[in-house]
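Chemist: Okay, predicted coordinates and the sequence, questions at the end:
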Amino acid sequence: MTFKRSHSATYLAGLLARNLARALQERARALGFAPGQFPVLLELWSEEGLTQKQLVDRLDVEQATLANTLSRMERDGLVERRPHPSDRRAQLIYLTERARAMEDQAKQAAEEADAAELAGLRRFERELMIEYMRQAIERAPQK
């Protein structure tokens with residue numbers, strides 16, 4: 001069997017993810033965040049005061065990766081850690097005012113990145129592609 005990259009979902013998804021991240025990076029830099037921080041911001045815009053463990057579970061990332069991301073976000077003034085009221089080992093993650101203020105612009109930047117990368121597709125094709133992606137993710141075996 002001959003492996004064809006142009007027929008490999010794994011290969012194509014990786015390229016698309018890289019292209020989308022690059023498109024978001026250009027827009028995010030002006031706002032003061034990195035594409036890798038966007039999923040964390042989305043979770044915290046939805047619900048603040050989560051523990052690092054809750055974020056790891058929701059984002060399905062490695063603990064060390066999230067710890068590094070949160071450290072950079074804290075350094076850059078996007079999040080702050082507060083003591084957990086009942087678990088001395090845990091900290092709660094909250095957005096700063098700066099991060100809260102950029103929510104609409106950051107979401108708009110992501111929409112613009114999507115539109116730029118998928119510009120050659122008709123609306124129904126974009127919607128169908130996103131629906132297929134959502135279905136594939138939902139059907140993937142859980143850890």
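Modeler: That came through fine. Numbers count the residues shown, from 1 in each chain.
Chemist: State the helix or strand in which the residue positioned nearest the centre of the chain lies.
Modeler: Centroid-nearest residue in the chain: residue 39, 2.5 Å away (criterion: CA atoms, centre = their mean). Element membership for residue 39, per DSSP states H and E: helix 38-46.
Chemist: Toward the C-terminus, what is the element adjacent to the one helix or strand residue 114 maps to?
Modeler: Residue 114 belongs to helix 103-117 when assigned by DSSP H and E. Using DSSP H and E, the helix or strand that follows helix 103-117 towards the C-terminus is helix 123-139.
Chemist: Flag every buried residue along that following helix.
Modeler: The neighbour-count check on helix 123-139 (16 or more other CB atoms under 10 Å) flags residue 126 as buried. Every C-beta, even on glycine, is put in place using the N, C-alpha and C of the backbone.
Chemist: ok, now stretch 85-105?
Modeler: Buried, per 16+ other CB under 10 Å, within stretch 85-105: 92, 93, 95, 99, 102.
Chemist: Using a markdown table, please lay out the residues you listed together with distance to residue 14 and pLDDT.
Modeler: Shown next, in a markdown table, are the buried residues of stretch 85-105 (distance: CB to CB, whole Å; pLDDT from 0 to 100):
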| residue | distance to residue 14 | pLDDT |
| --- | --- | --- |
| 92 | 34 | 96 |
| 93 | 29 | 97 |
| 95 | 30 | 98 |
| 99 | 29 | 97 |
| 102 | 28 | 96 |
